[in-house]
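Visitor: This is a predicted model, with the sequence first.
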Amino acid sequence: MRGLEETLTERPTLRQHLMEQVGLTFAHSTDRMIAAALVEAIDDAGYLSEPLLGFADQFGCDEARIEAVLKQVQRFDPTGVGARSLGECLALQLAERNRLDPAMQALLEHLPLLAHRDLATLQRICGVDGADMSDMIGEIRALNPKPGLAFERSDVDPVTPDILMHALPDGTWILELNPETLPRVLVNNRYHSRVRRQPLSKTDKEYISEQFQTANWLVKALHQRATTILKVASEIVRQQDGFFRYGITHLRPLILRDIAEGVGLHESTVSRVTTAKYIATPRGMLELKYFFTSAIQSADGSAAHSAEAVRYRIKALIDAEKPTEVLSDDKIVDILRTDGVDIARRTVAKYREAMRISSSVQRRREKAFGI
């Protein structure tokens, strides 16, 4: 058994360390979910080997958004984490030291030549002399090619879903509780009957009866809890059907009361059973709380829009803007209203700032200088 001092001084794992930074970096839920999925895919050495297209399909968004979130993750400590190749890992570390000049970039793009000690060719490609090449190689050797190994390997299992969701051939969904997460409590009625037949004192009989009733109550309570979780999850899936079929732009505004009324439960019960509960869906592992998002009214009086979906649309508009046609917040308001979203300019600014997107003035400057 570990002592208290050893437990208190134990270093976090790489994923624990990165997940703490996810919570501090990303302002809204979609980017946090994407970042968490990326962190889960990073291996113990600190590398991301899975293609970004798979994450885009999982979250129903474009690959550019996944790339943008990854760029943020690559700024995490330890430097170099989240790289997709050795060259990118070393480039991230050099960039932090302000040493990623064109010559060094050229060297990183031709690392196989360095491995084969073809220094003459490298000097010609990088445009440096022998002394500069020697210095550059010294800098490369001072870097950490496996930044994740500075942390203890995680023996903790990844998040296990409480509910499993599958698509049926007819296009409907089926949900079931994950048997791995269900507590297994059984009451041994045969043993209880045998004990009751023994000559016992009144106190012993009362004690056994009380414990038997408590055990039966616990079994019923656990069954009711499991049934409630499944009922709530099924209602969430029913109301968010568009999201599961078409992606984040179809995420509906949803509050606890909507689900509570749909299943005949109190809002506090819905809140409790959706906290720290996960569902494995065709769009990835998602916390049930993820589906609750505020509403923004439509311009034509029809169904309201999910705030999360509107944030995604704002991000998509800005990502697609041309250097000569940078969109102001007012212009974004006009575009969204044309699409039926009734939103105020200050709300657009709030969402943009939460996503850490610069103002139109700053973006115009950045694009003019090719940043």
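Guide: Looks like it arrived, so ask away. Residues are numbered from 1 along each chain as shown.
Visitor: how close does the residue lying farthest from the centre of the chain get to residue 205?
Guide: Computed with C-alpha atoms, centre = their mean, the residue of the chain farthest from its C-alpha average is residue 199, at 60.0 Å. Distance, residue 199 to residue 205, using C-beta to C-beta, to the nearest Å: 10 Å. For the C-beta atoms, the positions are set from N, CA and C on the backbone; glycine is no exception.
Visitor: shared neighbours of these two, anything?
Guide: The overlap between the contact sets of residue 199 and residue 205 (C-beta atoms under 8 Å, 6 or more residues apart in numbering) is empty.
Visitor: Show me the shaky parts of the stretch 51-200 of the chain.
Guide: Low-confidence segments of the stretch 51-200 of the chain, defined by pLDDT under 70: 152-158, 185.
Visitor: which stretches of it form helices?
Guide: Under the criterion DSSP state H, counting those that start in this stretch, the stretch 51-200 of the chain contains helices at 52-59, 63-73, 86-96, 102-108, 111-115, 119-126, 130-141, 189-196.
Visitor: helices or strands up against the third one?
Guide: For helix 86-96, the contact count by 3 or more C-beta pairs under 8 Å, 6 or more residues apart in numbering; DSSP states H and E identifies helix 102-108 as packing neighbours.
Visitor: Select the longest helix from the chain.
Guide: Determined from DSSP state H, the single longest helix within the chain is helix 202-239.
Visitor: Using CSV, write out every CA atom in the very next helix or strand once past that helix.
Guide: Per DSSP states H and E, helix 202-239 leads on to helix 241-246 as the next helix or strand towards the C-terminus. In CSV, the C-alpha atoms belonging to helix 241-246 read as follows (Å, rounded to 0.1, in the frame of the first residue of the first chain):
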residue,chain,number,x,y,z
ASP,A,241,-31.9,13.4,-33.5
GLY,A,242,-30.7,16.0,-36.0
PHE,A,243,-27.3,16.4,-34.4
PHE,A,244,-26.7,12.6,-34.6
ARG,A,245,-27.7,12.5,-38.2
TYR,A,246,-26.2,15.7,-39.6
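Visitor: in helix 241-246, what counts as buried?
Guide: By neighbour count on 16 or more other C-beta atoms under 10 Å, the buried set for helix 241-246 is 243-244.
Visitor: Could you name the helices and strands sitting against it?
Guide: Contact partners of helix 241-246 among helices and strands, from 3+ C-beta pairs under 8 Å, 6+ apart: none.
Visitor: any idea how far it is from the chain center?
Guide: Helix 241-246 sits 18 Å away from the centroid of its parent chain (C-alpha atoms, centre = their mean, to the nearest Å).
Visitor: got it, and stretch 101-111?
Guide: Distance, centroid of stretch 101-111 to centroid of chain: 33 Å (C-alpha atoms, centre = their mean).
Visitor: What of stretch 316-336?
Guide: The chain centroid and the centroid of stretch 316-336 are separated by 27 Å, computed with C-alpha atoms, centre = their mean.
Visitor: Who are the contact partners of residue 311?
Guide: 28, 30, 351, 354-355.
Visitor: Name the SS class of it, please.
Guide: Here residue 311 is recorded as helix under DSSP: H, G, I helix; E, B strand; the rest coil.
Visitor: Check the one 5 residues further on too.
Guide: Recorded secondary structure, residue 316: helix (three-state DSSP).
Visitor: ok, and the closest non-adjacent residue to it?
Guide: Sequence neighbours aside, residue 62 is the residue nearest to residue 316 in space, at 7.2 Å (criterion: C-beta to C-beta, 6 or more residues apart in numbering).
Visitor: got it, and residue 151?
Guide: Residue 151 sits nearest to residue 14 (C-beta to C-beta, 6+ apart), 4.0 Å away.
Visitor: Perfect, that will be all.
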